[in-house]
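Participant: Provided below for reference: sequence and predicted model.
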Amino acid sequence: MFDKINSGRWLTAERLASLPPALIFHARPKLATSLSEGRFKFLSALAAHARAQGLELHLTHFSREGQRLAMDDDLHFHILLDDMPGYALNCMYCVPSYFRGFWFFDEVGTRNNSTQRIETFRPEMVDEGQARAFFRRLHRRHIDQNRSRLPQPPTGQALEPGALCLFVQGFNDQPYHRHYMSAPEFIEAAIAAKGARRLYIKAHPAQKPEELAVVQGYHDPANGVEVIDASIHDMLPIAHCILTLTSAVGIEAFIHQKPVVLGGQTDFWQNAITLTDPAKLAEAIDAATSRDWPYQQFLYWFFQDKLVEDSADSLPEALARLHRKGWLWADTGRGYF
């Protein structure tokens, strides 16, 4: 489908001016390789449709300069497989979401920068039967198979029920994300707020060695604080409440139907409590655990209604989004008159 993967330096203003109408995919190396090999069914179907409509196809490594050129370009169309947000009439953002097989496909960004963050969730508008069926599907795929975004230890570790479970992220804010406190501040707030409960802390699998040393320094079993390396699917079922800044484990907790307190800006805040002041963590935990959250309806709404599944069957919905954006080649036959 793609003749080759172009380097980030391939894209220049001069080249854009010389190309016939084209659909250009911008991707980091790993995603670019997978896309070139046809491993993403949804994007492959989209590319095939664009080619059938007479557009050239190009694949280039993502770069900030390439995105700047894309956003200033009014001759071609660009799919940006990256989290760097922005808005342009001829750009769409598309990256894998929190669960394998679902993608963001958004006009302004991904994750906490997507339009999903400003959507209003109305559980009464979600069909309960469809939500239950989708929930069972997620349960089989993730809990039954001990699956997460990153590899997990084997399940079977015995943990104390009713504990607080805190999942740590990197100490530095990720690009384009907002955290309301640092990871150590969140840990210390959890220790202060845990009361008689046990607090289990799980470091991120990609934690830097110096950060891991700081996290392990909080290990104090005699006082009910344990830093452990257990599967999230052992930790989430026994938890009284889940604590995380913005980690995907926050939305994975919904499959276990557990309340969540977030310490940063996310696009799934509608089904959780967001904490901006670490001194108020105890109140946030009480607020999270006192509500009857509509986990099944939220998961269906988030993944089935707002994201795009990695299937050729998702092409009509994707084209409808592009057509509403003004990309007329995305017409599926219902066109404008």
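Facilitator: Nice, thanks for sending it over. Numbers count the residues shown, from 1 in each chain.

Participant: all the helices of the stretch 151-300 of the chain, residue numbers only.
Facilitator: 183-193, 209-216, 232-238, 249-252, 281-289, 295-300 (DSSP state H, counting those that start in this stretch).

Participant: of the ones you listed, flag the one that's most buried.
Facilitator: Greatest average neighbour count among the helices of the stretch 151-300 of the chain goes to helix 249-252 (a mean of 24), per mean count of other C-beta atoms under 10 Å. Placement of C-beta: from N, CA and C, glycine included.

Participant: grab the nearest non-local neighbour of residue 331.
Facilitator: residue 323 (5.8 Å; C-beta to C-beta, 6 or more residues apart in numbering).

Participant: surely that neighbour is in a helix?
Facilitator: Yes - counting by DSSP: H, G, I helix; E, B strand; the rest coil, residue 323 is part of a helix.

Participant: residues near it, how many?
Facilitator: Neighbour count of residue 323, defined by other C-beta atoms under 10 Å: 17.

Participant: same check on the one 5 residues further on?
Facilitator: Neighbour count for residue 328, taken as other C-beta under 10 Å: 11.

Participant: over to residue 199?
Facilitator: Residue 199, neighbours per other C-beta under 10 Å, totals 22.

Participant: list the contacts of residue 38.
Facilitator: Residue 38 sits next to 1, 44 when contact means C-beta atoms under 8 Å, 6 or more residues apart in numbering.

Participant: now residue 87: how far from residue 7?
Facilitator: 26 Å (C-beta to C-beta, to the nearest Å).

Participant: what's the answer for residue 302, then?
Facilitator: 36 Å.

Participant: the more surrounded of the two?
Facilitator: Set side by side, residue 302 and residue 7 show more neighbours around residue 302, with 23 against 11, by other C-beta under 10 Å.

Participant: now for the more buried one: which residues touch it?
Facilitator: 116, 251, 268.

Participant: how about 7 Å then?
Facilitator: residue 268 (C-beta atoms under 7 Å, 6 or more residues apart in numbering).

Participant: how about residue 76?
Facilitator: 16, 19, 21, 22, 24, 90.

Participant: farthest-apart pair in those, please.
Facilitator: Greatest spatial distance among the contacts of residue 76 (C-beta to C-beta): 19 and 90, at 13.1 Å.

Participant: my guess is residue 300 meets residue 136, correct?
Facilitator: No - judged on C-beta atoms under 7 Å, residue 300 makes no contact with residue 136 at a distance of 11.2 Å.

Participant: how about residue 149, nearest residue that isn't a chain neighbour?
Facilitator: Nearest residue to residue 149 in three dimensions, chain neighbours excluded: residue 248, at 5.3 Å (C-beta to C-beta, 6+ apart).

Participant: how near is the one you found to residue 216?
Facilitator: For residue 248, the distance to residue 216 equals 23 Å [C-beta to C-beta].

Participant: where do the strands sit along the stretch 101-250 of the chain?
Facilitator: For the stretch 101-250 of the chain, applying DSSP state E, counting those that start in this stretch gives strands covering 102-103, 163-167, 199-202, 225-227, 239-244.

Participant: quick one: closest of those to residue 121.
Facilitator: strand 102-103 (16.8 Å).
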